[in-house]
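Enquirer: okay, structure incoming, though there's no sequence with it:
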């Protein structure tokens, strides 16, 4: 049995920067209670790391009793304007840890709106990034990635289109190529590192007979990696714990590819890889 590692392994640069920021925030604010609203990233193993810094995950601001000496960490995928308004109203300190690429896309949307463009945002309507974008840009039309063909674009009005950072690059190019209008400015908002992970997988996906994607089922970029395997008729498993790796699961496969989602920590990959090697040998 051969095991093929498909780069990039572990956290993306953005998630790595976010966790470095978390360390610094905790260090620079002694005698402070820290909270994270819902989850920092879409990965259970990564969110568990917050416990090392005594950061409590909450789903309601009512859980914060000492508002004066507390700091709320906001999600990497973006936060709704409504939540930010509540934090300000209740005078609760917070740190916005939104991914830098998401912030970059938001700045482009704002700029184009100010320039008079009709703006569109393509995304999964149930994903936090899309929900947060919709809340901040009320006049931006949200295009459901699953039913984008139903959208009637205003081709006689100058329009700007961008998208969720974790979508499949092939789908974005398909949408872009379908829009034949000089009035439409299309900006691919996918994270460069997400695109690179997809590209690296496409290079080998036809040469393996099983793909192990390390990530959670609420991680859109992990789902997109499994979609690449599906499109190439390659068997795959989405794994978020080494306990799911068994001899029975791997029986009959000779060449196994392993890749990670952008929010899966390297420590999780190492545990799963070790389990794979022990079975392979």
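Expert: Structure's in. What do you need? The model shown is predicted, which means the values in this text are computed figures rather than measured ones.

Enquirer: so what's the residue count around residue 31?
Expert: For residue 31, the count of nearby residues is 5 (other CB atoms under 10 Å). In short, each C-beta sits where N, CA and C put it, glycine included.

Enquirer: surely it touches residue 71?
Expert: No: the criterion here is CB atoms under 8 Å, and residue 31 misses it with residue 71 at 11.3 Å.

Enquirer: from memory residue 205 sits against residue 213, does it?
Expert: No: contact between residue 205 and residue 213 fails when scored by CB under 8 Å: they sit 11.1 Å apart.

Enquirer: shared neighbours of the two, anything?
Expert: Shared contacts of residue 205 and residue 213, defined by CB atoms under 8 Å, 6 or more residues apart in numbering, are found at residue 229.

Enquirer: quick one: the strands in this protein?
Expert: 2-5, 33-37, 55-58, 70-74, 93-96, 118-123, 141-144, 159-163, 184-186, 210-214, 235-239, 255-260 (DSSP state E).

Enquirer: so what's the nearest residue to residue 73 once chain neighbours are set aside bridging to?
Expert: Closest residue in space to residue 73, ignoring its immediate chain neighbours: residue 36 at 4.5 Å, by CB to CB, 6 or more residues apart in numbering. Here residue 36 sits in beta bridges with residue 57, residue 73, going by DSSP bridges.

Enquirer: ok, now which ones touch residue 183?
Expert: Residues near residue 183 by CB under 8 Å, 6+ apart: 154-159.

Enquirer: 10 Å - rerun?
Expert: The contact partners of residue 183, by CB atoms under 10 Å, 6 or more residues apart in numbering, come to 117-118, 153-159.

Enquirer: quick one, grab the pLDDT at it.
Expert: Residue 183 is assigned a pLDDT of 89 by the prediction.

Enquirer: could you redo the contacts of residue 183 as JSON lines and give each row distance to residue 17?
Expert: Converted to JSON lines, these look like this (distance: CB to CB, whole Å):
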{"residue": "117", "distance to residue 17": "30"}
{"residue": "118", "distance to residue 17": "33"}
{"residue": "153", "distance to residue 17": "35"}
{"residue": "154", "distance to residue 17": "37"}
{"residue": "155", "distance to residue 17": "39"}
{"residue": "156", "distance to residue 17": "42"}
{"residue": "157", "distance to residue 17": "38"}
{"residue": "158", "distance to residue 17": "35"}
{"residue": "159", "distance to residue 17": "32"}
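
Enquirer: just the buried ones among these, please.
Expert: The neighbour-count test (16 or more other CB atoms under 10 Å) marks 117-118, 153, 158-159 as buried among these.

Enquirer: could I get the residues you listed as a markdown table with pLDDT?
Expert: Formatted as a markdown table, these follow (pLDDT from 0 to 100):
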| residue | pLDDT |
| --- | --- |
| 117 | 95 |
| 118 | 94 |
| 153 | 79 |
| 158 | 92 |
| 159 | 94 |
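
Enquirer: per-residue confidence for the spatially closest residue to residue 256 that is not a sequence neighbour?
Expert: Distance criterion CB to CB, 6+ apart; nearest residue to residue 256, sequence neighbours excluded, is residue 210 at 4.7 Å. Residue 210 carries a pLDDT value of 98.

Enquirer: residue 210 touches residue 239, doesn't it?
Expert: No: contact criterion CB atoms under 10 Å: residue 210 and residue 239 do not qualify, at 11.3 Å.

Enquirer: so between these two, which is more surrounded?
Expert: Per other CB under 10 Å, whichever of residue 210 and residue 239 has more neighbours is residue 239, with 23 against 20.

Enquirer: contacting residues around that one?
Expert: By CB under 10 Å, 6+ apart, the residues touching residue 239 are 212-216, 222, 245, 249, 258, 260, 264, 268, 272, 275-276.

Enquirer: could you do residue 17 as well?
Expert: 11, 76, 97, 99-100.

Enquirer: can you give me the helices for the stretch 151-281 of the chain?
Expert: For the stretch 151-281 of the chain, the helices defined by DSSP state H, counting those that start in this stretch cover 169-178, 192-204, 220-231, 247-250, 266-280.

Enquirer: just those: most buried one?
Expert: helix 220-231 (a mean of 21; mean count of other CB atoms under 10 Å).

Enquirer: and the angle for it with helix 169-178?
Expert: Counting by axes from the mean of the first three to the mean of the last three CA atoms, to 10 degrees, helix 220-231 lies at 80 degrees to helix 169-178.
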